[in-house]
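Q: make a model of this:
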Amino acid sequence: MIAGAILLLLLGAAVALVLRSEHRNAVDAVLGDSDRAAQKLAFRTSEVFDRVNQSTLLLKYLNERKQLPPLQSLRDGGVLADDVTRVVMIADAKGFVIDSTSTLVALNVADEDDFKAHKRRDDLDITIGVGTLNPLAGGWSIPVSRRLNQPSGEFGGLVTAAIDPMALSAGYAKSEAPDTAIGVLGLDGIYRSRLLAGKVSFGEKVDVSKLERRAREIHEKRRPIASPIDGIDRFVSVAHVERYPLVAVVAVNADSALAGYRRVRTAVLGWAAAAALLIGASVALLRAKVIELERSRRQTRRAEAAFRATLEGSMDAVSLMRAQRDAQGRLVDMVVTECNARAAALIGLTRQQLIGQLLCSLTPSIRSGGFLTRFEYAIQTGKTASAEVQATEPQIAGRWLHHQVVPLEDGIALITRDITERKQAEQALGDLARLDALTQLGNRRDFEQRVREAHARALRSGETLALLYLDLDGFKAINDTFGHAAGDQLLIGVAQRLRGCVRLTDTVNRLGGDEFTVILEGAGREQDVSELCGRIVQSLSQAHEIGENAVVCTPSVGVALLMPGETIEALQHRADSAMYRAKRDGKGRYRFADAGTVADLAPVAVP
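A: Presented below is the predicted three-dimensional model:
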């Protein structure tokens, strides 16, 4: 009776410890994924408004210089970001819509709040309205407006781009759970776009400061809070949208997010194995200031100065260029007519030094990389173009740049952004996705790529290739006896010993559970592989110190040497079959796949 009671107490304590650990890990994973999803949504929202901002800025510049072509021609040329806007329109100083990309009848917008605000205040840069039913847009849209000035500096009208609310959030629900709420919320407390269960809504009112306090409280206490919109308990992550008065909100349904944990809990209490949690998302939290434009005054010189100030406030490098042609009209170079300091800094010059220079003489890679052809195509077709390239010029060699080419009259606007950090982050995320979090070995995904590459190299070079499949004998019993934490310690120890047995050029992976693989490129003779397998079995069969216990967990190893013309699937199958033969022959040993090569090798003695 006493012994039984003690065992029950120990079992209860072990189960409670496991459940606490599983719950903590599950909540951390949900919060981590929702944070990344919020950062990704914030970054994309910033990109959408950057594109609209750039388009309206260009329209303002062309309008105030009396060079604005019909909006529909700009839209046909891809300048107006029509993949995220429903309509772009221009209203005069009295509110009459004088040009629009819509085919509907023109309206008067003088009574709209955005029109009144820009007419009243000359210091406004760009405003983001709330969702409204816009007849020209053919449905609900979010107005993004910018003031137009007359040459005298007086109010000259408004350029408005109506954004489709779906563009802010629809693309980000594909990788999220169906009941995850994803939204873009203004600092004024009004949702611009909110997506839940495939349905987009907007206009819901929320106290932003209270929402941020709730998000911080959720992260600190690791507990969900009931949503003020639908009353459902949710984990909430908030990320500010850089350069705009908006925040990205990701609210994960706690019931759905912790369903995996509840399955694990049920399985532990019922002596069964359980499930995992799912939430996916990438990318980066950005925060900056909204670009302010100086007020345009009476003369063209002041308007140009205001435009230059806008360029200098841009987060991108911006250059305006005029085509230089030979006697036959062929494009031979580009002359820089205007730029901001960021563009000049890329070349290593000041703004004054850069203006008037020939682009190809400053950056020869423009000509050798075929960019002049792209510039000519943009000028002739009126279509924007973009490309990501790695710089070769000495002052910025190795940096990744995103170029966007916007056609002007016999010239272009070249907008360049340094995306090196984003490229490095994408590479880091890719590396992380191929790493086993427990042992720091490559995971199954990493193994599948590496074995394919090694197989291809071996077939090309004729070098020997050996593949080892390794499984721990009695690992489940150790897990059940000493707990999952002890099992994790044992797996870490096995990974370290495997690394110590092989060469630096060999690849060790954990496929999952207690399954490991070793890829031996340039494996040498069969005898060399046999000696390595003996060292692995000898090393892994030594006792592991787990807490106060000495645990012995021998390996069963299957070995397959690549035969001429053999497929990768056949090689893996033979290695796996050899591993199971090693188990059948008594465990704690290795076996070669081909009985006719190195058959019935004596097992290495296990102390």
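Q: what helices or strands is the lengthiest strand in the chain leaning on?
A: Criterion DSSP state E: the longest strand present in the chain is strand 139-149. In this structure, strand 139-149 packs against helix 2-64, strand 85-91, helix 113-120, strand 126-128, strand 132-134, strand 155-163, with contacts taken as 3 or more CB pairs under 8 Å, 6 or more residues apart in numbering; DSSP states H and E. Just so you know, the C-beta spots here come from the backbone N, C-alpha and C atoms, and that holds for glycine as well.
Q: listing partners with orientation, what would you give for the second one?
A: Next to strand 85-91 in the sheet, as set by DSSP bridges, lie strand 97-100 (antiparallel), strand 155-163 (antiparallel).
Q: name the residues that touch that strand?
A: With contacts defined as CB atoms under 8 Å, 6 or more residues apart in numbering, strand 85-91 is touched by 52, 55-56, 59, 63, 68, 71, 75, 80, 82, 97-102, 108-110, 115, 134, 136-139, 141, 148, 157-164.
Q: go on, the last one?
A: By CB under 8 Å, 6+ apart, the residues outside strand 155-163 that reach it are 48, 52, 55-56, 59-60, 63-64, 80-81, 84-93, 98, 109, 114-115, 118-119, 122, 134, 136-137, 141-150.
Q: circling back to that earlier point, out of the helices and strands packed on strand 139-149, the one nearest Arg525 is which?
A: Shortest distance between Arg525 and the helices and strands packed on strand 139-149, using CB to CB, is found for helix 2-64: 45.8 Å.
Q: that closest one: what's the following helix or strand?
A: Sequence order places helix 71-76 as the next helix or strand after helix 2-64, per DSSP states H and E.
Q: list the buried residues for that next one?
A: 71, 74-75 (16 or more other CB atoms under 10 Å).
Q: next: stretch 414-424.
A: 414-418, 422.
Q: and which of those residues is nearest Ile492?
A: The closest of the buried residues of stretch 414-424, once distances to Ile492 are taken by CB to CB, is Arg422, at 33.2 Å.
Q: could you report the pLDDT at that closest one?
A: Looking at Arg422, its pLDDT reads 77.
Q: how about Arg445?
A: 93.
Q: can you report how many residues lie near it?
A: By other CB atoms under 10 Å, the residues close to Arg445 number 14.
Q: that one - that's part of a strand, no?
A: No: Arg445 is assigned helix when assessed by DSSP: H, G, I helix; E, B strand; the rest coil, not a strand.
Q: flag the shaky bits of the stretch 501-607 of the chain, pLDDT-wise.
A: 595-607 (pLDDT under 70).
Q: and for the stretch 301-450 of the chain?
A: Along the stretch 301-450 of the chain, the model assigns pLDDT under 70 to residues 301-313, 393-395, 397-398, 425-432.
Q: and the helices in it?
A: Remark: helices assigned in the stretch 301-450 of the chain by DSSP state H, counting those that start in this stretch are 341-347, 351-354, 359-362, 365-368, 371-381, 420-433, 444-461.
Q: in TSV, list those along with distance to Val559.
A: Converted to TSV, the helices of the stretch 301-450 of the chain look like this (distance: least, CB to CB, whole Å):
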stretch	distance to Val559
helix 341-347	55
helix 351-354	64
helix 359-362	59
helix 365-368	50
helix 371-381	53
helix 420-433	29
helix 444-461	14
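Q: closest to Val130 out of the ones you listed?
A: Smallest distance to Val130 across the helices of the stretch 301-450 of the chain (CB to CB): 30.9 Å, for helix 420-433.
Q: for stretch 75-90, measure first residue to last.
A: In stretch 75-90, first residue to last residue: 13 Å (CA to CA, to the nearest Å).
Q: buried ones in that stretch?
A: Buried positions in stretch 75-90, judged by neighbour count with 16+ other CB under 10 Å: 75, 77-82, 84-90.
Q: avg pLDDT for it?
A: Per-residue scores along stretch 75-90 average to 79.
Q: try stretch 14-24
A: On average, stretch 14-24 scores 86.
Q: in that stretch, what counts as buried?
A: 18, 22-23.
Q: of the residues you listed, closest to Val249?
A: Using CB to CB, His23 comes nearest to Val249 of the buried residues of stretch 14-24, at 24.5 Å.
Q: highest mean neighbour count out of the strands paired with strand 85-91?
A: strand 155-163 (a mean of 25; mean count of other CB atoms under 10 Å).
Q: can you list the domains in the protein?
A: For the chain, the structural domains run 1-313, 316-419, 434-592, going by automatic domain parsing.
Q: what distance separates the start and the end of the shortest one?
A: The first residue of domain 316-419 is 10 Å away from its last residue (CA to CA).
Q: next step: the buried residues of stretch 414-424 restricted to strands.
A: 414-418.
Q: hmm, back to that, adding distance to Asp528, write the helices and strands packed on strand 139-149 out as CSV.
A: Listed next are these as CSV, based on distance: least, CB to CB, whole Å:
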stretch, distance to Asp528
helix 2-64, 42
strand 85-91, 66
helix 113-120, 76
strand 126-128, 68
strand 132-134, 75
strand 155-163, 65
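Q: so which of those gets nearest Leu511?
A: helix 2-64 (21.0 Å).
Q: enumerate every residue touching Ala251.
A: Taking CB under 8 Å, 6+ apart as the criterion, Ala251 is in contact with 34, 180-183, 227, 234-236.
Q: show me the strands in the stretch 451-600 of the chain, by range?
A: Assignment of strands within the stretch 451-600 of the chain using DSSP state E, counting those that start in this stretch yields the ranges 465-472, 507-512, 515-521, 544-546, 549-551, 555-561, 589-592.
Q: same deal with the stretch 201-350 of the chain?
A: Under DSSP E, counting those that start in this stretch, the stretch 201-350 of the chain gives strands at 225-226, 233-240, 246-253, 317-325, 331-339.
Q: to Leu168, which of those strands lies closest?
A: Comparison of the strands of the stretch 201-350 of the chain against Leu168 by CB to CB identifies strand 246-253 as nearest, at 8.9 Å.
Q: tilt between that closest one and helix 2-64?
A: On the basis of axes from the mean of the first three to the mean of the last three CA atoms, to 10 degrees, strand 246-253 is oriented at 150 degrees to helix 2-64.
Q: who does strand 246-253 pair up with?
A: Sheet pairing of strand 246-253 (DSSP bridges) gives strand 181-186 (antiparallel), strand 233-240 (antiparallel).
Q: to Tyr580, which of those lies closest?
A: For the strands paired with strand 246-253, proximity to Tyr580 was assessed by CB to CB; strand 233-240 is nearest, at 43.4 Å.
Q: circling back to that earlier point, in CSV, list the strands of the stretch 201-350 of the chain along with distance to Ala42.
A: As requested, the strands of the stretch 201-350 of the chain are exported to CSV (distance: least, CB to CB, whole Å):
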stretch, distance to Ala42
strand 225-226, 21
strand 233-240, 4
strand 246-253, 4
strand 317-325, 23
strand 331-339, 29
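Q: ranking these by burial, who's on top?
A: strand 246-253 (a mean of 26).
Q: convert that strand to CSV, retaining C-alpha atoms only.
A: C-alpha atoms of strand 246-253 as CSV (Å, rounded to 0.1, in the frame of the first residue of the first chain):
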residue,chain,number,x,y,z
LEU,A,246,-1.6,52.3,-38.0
VAL,A,247,-1.0,49.2,-36.0
ALA,A,248,-1.2,45.6,-37.2
VAL,A,249,-3.3,43.3,-34.9
VAL,A,250,-3.2,39.5,-34.9
ALA,A,251,-5.7,37.9,-32.4
VAL,A,252,-5.4,34.1,-32.2
ASN,A,253,-8.4,32.2,-30.8
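Q: now do it: distance to the chain's middle.
A: Centroid displacement of strand 246-253 relative to its chain, using CA atoms, centre = their mean, to the nearest Å, is 17 Å.
Q: now do stretch 47-56
A: For stretch 47-56 - counting by CA atoms, centre = their mean - the centre lies 20 Å from the chain centre.
Q: before we move on, what about stretch 473-491?
A: With CA atoms, centre = their mean as the basis, stretch 473-491 stands 36 Å off its chain's centre.
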